[in-house]
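[1] dropping a prediction and its sequence here:
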Amino acid sequence: MSTLHSILIIDNDVTTRSAMDHLIARCRRPIELSAAAVTRREGLKQLESDTPPQVVILEVQSIAQGVRDVSAILTANSQTMIMATSGEKRPDWIRTLIRAGASEYLTTPISADGLEETLERAALMLEQKNGAEDAGGKVITVYNPAGGMGTTTIAVNLAAALAMEGRMTALVDLNPFSSDVSAFLNLNPAETLNALRETGRRLSAGRLLDLMTRHGSGVQVLCGPEEPGVIVEFAPDQILSLITLMRGQFGVTVIDAGGELSERNLEIFDGSDVILYPLLLTLPALNNAKRYMKALNQQGFDPGRIKVVVNRYLSLDSINVSHAEEFLDKEIFHLIPNSYLELKKSIYKGAPLVTDYPRSPVTKALIELAERLLKEMSVGSH
C-alpha cells in the first residue's frame, strides 16, 4: 500500500487542529505520516505550492462555503484527496460534498480508529489511482442515462471490432438497469458481477479472470447479474480496483454504463480514457444530452474525453448533424447508420453485428469508430 506522506488539515479552530494532528500521529498505518494543521486562509494558500498535499482534511461549517473550498482545492490540484469533516450528520450535506469532489465525509468528533481506517482507505485509493496510470491498457465507457439510445449495442460491437483489430479486449457490463450484454452475446456465464459482493475490496487479477466469460469473437466478458432488479453495489475503491486490474490485463476495456450521474458512474468516468455518449437525432435526446454535457463539465471532466456518437443516423433526419452540433456546442465525433433488421438478426443469433454482417454499413462505421478511438488514445498492440 502507498504511504501517505503529506496531509493538510484545514480548520479554523486551534483545538480541533491540535486534536486532529494528535490523532494522525497515533495512527499505525499507513506509516510515515506527516501533517500540517492550518487555518482555512493559510490552507488554501498552501495549495498553490509546487508540492501540494496528497490529502486535505477540510472543516466544513457552511455547505455553500464547503463546496467552494472543495472546488478551489481540486482546481489547485485535481489529484488531492479531500476528507470533509463536520458536526452535521445530514445526508444532503454528504451527497453535496461528495458530488462536489470530496472523497470522504467524516462526522466530528472523529475517533482514532475511524480516522485511521479512513486514511488507510485513502492510501489504498491513491495506490489504485497510481496503478491505473501506470498500467498500459485503455478504458472506453459507453454511456447514456436513458435507455433506447443503443448504448449496449455500441458497447458490444465496439468491443468485437477492437478484438478484430487484434487488441486483447474486455467488455464489462456495469449498466445497473439493463445488464443486457449476456443476452446480446447469448452467454450463460458461470459467474457474474454478483460474485464481487463476496470478493470484497481486494480483487485479484486471477479472481477477475475467473469471473469472466470468453465469447467466440475473442472478447472476454464480465457479465452483469442475471437476476431481475439486482444492482451490484460498489465502494469507490472497488471501482478503482476493478478498472486498474482491467488496464493491467487487457489492451482495451469497454464498459457498458447507464443511469443517472451517481457516484458509481462518476467513478467509472474518472477511470476512463474516453466517454462515448450515443444519442439519436431527436429533440428529447438532444435536450437530455445538453443537460448531461453541462453536468459532466461541472463535475470537472475534460470535454475532450467526451465523444458524442450519433446512432441510427439517417441523412434525411429532420435534425441534421450541423444543427445538433450547434445545439450542443460540441462536435459530433462519429455517425453510425441505421440498419435495424441486421441488428435485430444479430441479437437473435447472439453474435455481434460486426462479425456476422461484415459488409453492413453499420459494421463499417463501427470498425471506423474503433480505429478512430485507438488513434485518439494512441494505443499500440497489447
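    Received the coordinates, thanks. Computed from a predicted structure; not experimentally measured.

[2] could you use CA atoms for every contact and neighbour count after this?
    OK.

[3] count the neighbours of G166 for me.
    G166 has 12 neighbouring residues, counting by other Cα atoms under 10 Å.

[4] any idea how far V274 is from it?
    When distance is defined by Cα to Cα, to the nearest Å, G166 is 20 Å away from V274.

[5] repeat that for R207.
    Separation of R207 from V274 (Cα to Cα) stands at 26 Å.

[6] more neighbours: the two, which one.
    V274 (22 against 12).

[7] compute the distance between that one and A365, please.
    The value you get for V274 to A365, if Cα to Cα is used, is 18 Å.

[8] then E88?
    Distance of E88 to A365, computed by Cα to Cα: 52 Å.

[9] check V55 too.
    When distance is defined by Cα to Cα, V55 is 45 Å away from A365.

[10] so which of the two has more stuff around it?
    Relative neighbour count places V55 above the other of V55 and A365, with 23 against 16, counting by other Cα under 10 Å.

[11] that one against Q79, yeah?
    No - if you go by Cα atoms under 8 Å, V55 and Q79 don't touch, sitting 9.0 Å apart.

[12] find the nearest non-adjacent residue to K349, please.
    In space, and not counting its chain neighbours, K349 is closest to N186: 7.5 Å by Cα to Cα, 6 or more residues apart in numbering.

[13] and for that neighbour, the neighbour number?
    With neighbours defined by other Cα under 10 Å, the count for N186 comes to 15.

[14] go on, D69?
    Residues contacting D69 under the criterion other Cα under 10 Å number 18.

[15] before we move on, which element is it in?
    Taking DSSP states H and E as the criterion, D69 maps to helix 63-76.

[16] in that helix, what counts as buried?
    By neighbour count with 16 or more other Cα atoms under 10 Å, helix 63-76 contains the buried residues 63, 66-67, 69-71, 73-74, 76.

[17] repeat for stretch 167-187
    167-185, 187.

[18] quick one: distance of it to the chain centre.
    16 Å (Cα atoms, centre = their mean, to the nearest Å).

[19] what do you get for stretch 65-76?
    21 Å.

[20] need the residues that contact that stretch.
    44, 47-48, 59-60, 80, 82, 96-97, 100-102 (Cα atoms under 8 Å, 6 or more residues apart in numbering).

[21] and stretch 302-319, by the same measure?
    Residues contacting stretch 302-319 (Cα under 8 Å, 6+ apart): 149-150, 273-282, 297, 331-339.

[22] now do the end-to-end distance for it.
    This stretch, stretch 302-319, spans 27 Å end to end (Cα to Cα).

[23] any idea which element the residue nearest in space to the middle of the chain lies in?
    By Cα atoms, centre = their mean, the chain has its centre lying nearest to I268, at 1.4 Å. Assigned by DSSP H and E, I268 falls within helix 263-270.

[24] residue ranges with poor pLDDT in this protein?
    Within the chain, the ranges that satisfy pLDDT under 70 run 1-5, 26-37, 49-50, 124-135, 178, 197-204, 206, 227-232, 235-237, 379-382.

[25] domains in this protein, by residue range?
    7-132, 136-377 (automatic domain parsing).

[26] surely F234 and E263 touch.
    No - counting by Cα under 8 Å, F234 sits too far from E263 to count as a contact (9.6 Å).

[27] mind checking which of the contacts of stretch 302-319 land in strands?
    Under the assignment DSSP state E, the contacts of stretch 302-319 contribute 274-279, 332-337 to strands.

[28] could you export those as JSON lines, including distance to L240?
    What follows is those, written out as JSON lines (distance: Cα to Cα, whole Å):
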{"residue": "V274", "distance to L240": "16"}
{"residue": "I275", "distance to L240": "16"}
{"residue": "L276", "distance to L240": "19"}
{"residue": "Y277", "distance to L240": "21"}
{"residue": "P278", "distance to L240": "24"}
{"residue": "L279", "distance to L240": "27"}
{"residue": "I332", "distance to L240": "29"}
{"residue": "F333", "distance to L240": "27"}
{"residue": "H334", "distance to L240": "29"}
{"residue": "L335", "distance to L240": "31"}
{"residue": "I336", "distance to L240": "31"}
{"residue": "P337", "distance to L240": "34"}
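
[29] highest neighbour count among those?
    Ranked by neighbour count (other Cα under 10 Å), those have P278 at the top, with 27 neighbours.
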